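# Next come a sequence and a model predicted from it.
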Amino acid sequence: MSLSTPEDGRLSPGLYIVATPIGNLSDLSPRAANILSRADAIAVEDSRVTARLLQHIGTKRPMIPYHDHNADRVRPGLIARMASEAIALVSDAGTPLISDPGFKLVRDARAAGHAVVTLPGPCAAIAALTLAGLPTDRFLFLGFLPAKAKARADAIAEVAAIRATLILYESGPRLAATLAALGDGLGNREAAVAREISKRFEECVTGTLSELAARYEDTPPKGEIVIVVAPPGEAPPVTETDADAMLREALTRLPAAKAANEVAKATGLQKRDLYARALEMKG
Ligand code: SAM
C-alpha cells in the first residue's frame with residue numbers, strides 16, 4: 001500500500017515501517033529519508049542511534065522510545081496517535097520486526113484500522129544470504145539461538161531435517177560454540193560467517209562448520225555476525241548391507257513379494273532385484 005500525501009504536504013496518518021542501514025549510512029533510501037524527515041514522530045529502539053541517522057539526513061523529529069522493556073506500556077499511545085498522525089517505526093539497524101520489536105505494533109495498528117506502510121531496505125539476514133554462495137531457493141531464518149547449551153541443541157535438532165539454507169544471528173563471543181553446536185546437531189555442513197556487512201571490515205568466511213568453529217575458537221571475532229548454513233545433503237545411497245537388513249526385517253512380518261515392495265518404496269531400489277534377494281534369503 002502507498003499513502004497519498006494530503007494537500008498540506010503532511011504525511012497521511014498511519015504506521016510507516018522504515019528499514020535503515022546496517023552499517024553504511026548511504027544505504028538509507030531516499031524514500032526512507034523523506035518519510036523520516038516528515039513523520040510526526042518516530043518510534044525508536046535507542047534515541048541516540050536514531051538521532052545520528054536523523055543528523056545524517058539533516059533533520060530532527062520527535063522520538064518515542066519503543067523497545068522490549070516498554071513496548072506493552074507505550075504501544076496503546078502510539079496506536080491512538082496513528083489515527084491522526086504519521087508514526088514511523090525504526091530499529092537501531094536494518095528492518096524493524098526482524099529480530100527486533102514491532103510485530104505487535106503492526107498487528108494492533110491493523111486491528112485499529114490504521115494504514116500500515118513498509119519502506120523496504122537493508123536486512124542483515126538477506127544481505128548475508130547473498131554473500132554466502134549457498135542455495136537461496138529455500139531458506140529459514142532462525143534469529144538468535146538460545147544461549148544455554150541444552151536449549152540451543154534442542155532448537156538445532158528441531159530444524160535438522162529441514163531442506164533449506166539456515167540463517168542465524170550471533171555475537172562474536174558465542175560464535176565458535178554456536179558453530180560447534182550446529183556441527184553436532186546438523187552434521188558437518190558447508191557454512192558461511194558474514195561479518196560487519198556494509199562496514200569497513202566486512203568479510204564473509206566460508207568453510208565447513210567444524211573448520212569455522214576451529215577458526216574462531218581462540219579468536220572470537222569483533223562486530224556483528226550472521227551465520228548461514230547449507231541445507232542437508234542428499235541422503236547417501238542405500239548400501240547392499242542396509243537393503244539386506246531392511247529386507248530381513250520385513251520378511252519377519254511379510255511374504256517375500258510384499259517385503260520386496262516395502263523395501264523398494266523405502267529405498268528406491270528395484271522391486272524385482274529385491275524380490276529375488278528375498279527368495280534367496282528364505283531359501
Ligand atoms: N533488524 C535487523 C536486520 O534487519 O538485520 C537485525 C537486528 S538484530 C537485533 C541484530 C543482529 O543482526 C546482530 O547481532 C547481527 O547478528 C546482525 N547484524 C546486524 N547488522 C549486521 C552487519 N552489518 N553485519 C552482520 N550482521 C549484522
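Thanks, I have the structure now. Numbers count the residues shown, from 1 in each chain.

# Figure out how far the lowest-mean-pLDDT helix or strand in the chain is from the centre of its chain.
In the chain, the helix or strand scored least confidently by mean pLDDT, DSSP states H and E is helix 256-267, which has a mean of 84. The chain centroid and the centroid of helix 256-267 are separated by 40 Å, computed with Cα atoms, centre = their mean, to the nearest Å.

# mind exporting that helix as PDB, just the C-alpha atoms?
Taking Å, rounded to 0.1, in the frame of the first residue of the first chain, the C-alpha atoms of helix 256-267 are listed here in PDB:
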ATOM      1  CA  ALA A 256       8.600 -62.100   0.000                       C
ATOM      2  CA  ALA A 257       6.700 -60.000  -2.600                       C
ATOM      3  CA  LYS A 258       5.200 -57.600  -0.100                       C
ATOM      4  CA  ALA A 259       8.600 -57.300   1.800                       C
ATOM      5  CA  ALA A 260      10.300 -56.500  -1.500                       C
ATOM      6  CA  ASN A 261       7.600 -54.000  -2.300                       C
ATOM      7  CA  GLU A 262       8.000 -52.200   1.000                       C
ATOM      8  CA  VAL A 263      11.800 -52.000   0.800                       C
ATOM      9  CA  ALA A 264      11.600 -50.800  -2.800                       C
ATOM     10  CA  LYS A 265       9.400 -48.000  -1.800                       C
ATOM     11  CA  ALA A 266      11.700 -47.000   1.100                       C
ATOM     12  CA  THR A 267      14.900 -47.200  -0.800                       C
END
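
# So which elements touch it?
helix 240-251, helix 271-282 (3 or more Cβ pairs under 8 Å, 6 or more residues apart in numbering; DSSP states H and E). Bear in mind the C-beta positions are built from the backbone N, C-alpha and C, glycine included.

# Nearest residue to residue 146 in space, please, no chain neighbours.
Counting by Cβ to Cβ, 6 or more residues apart in numbering, residue 152 is the residue found nearest to residue 146 once chain neighbours are left out, at 5.0 Å.

# Show me what the helix or strand harbouring that neighbour is packed against.
In this assignment (DSSP states H and E), residue 152 forms part of helix 149-159. Packed against helix 149-159 by the contact rule (3+ Cβ pairs under 8 Å, 6+ apart) you find strand 139-144, helix 172-186.

# on that earlier part again, I'd like to check the angle between the least confident helix or strand of the chain and helix 271-282, please.
Put simply, helix 256-267 runs at 130 degrees to helix 271-282, going by axes from the mean of the first three to the mean of the last three Cα atoms, to 10 degrees.

# Of the helices and strands packed on helix 256-267, give the one that comes closest to the ligand.
With Cβ to the nearest ligand atom as the criterion, the ligand lies closest to helix 240-251 of those, at 40.8 Å.

# who in the stretch 151-283 of the chain is up against the ligand?
Residues of the stretch 151-283 of the chain found near the ligand (Cβ under 6 Å from any ligand atom) are 169-171, 194-199, 224-226.

# now, which of those lie within strands?
Secondary structure assignment (DSSP state E) places 169-171, 194-195, 224-226 from these within strands.
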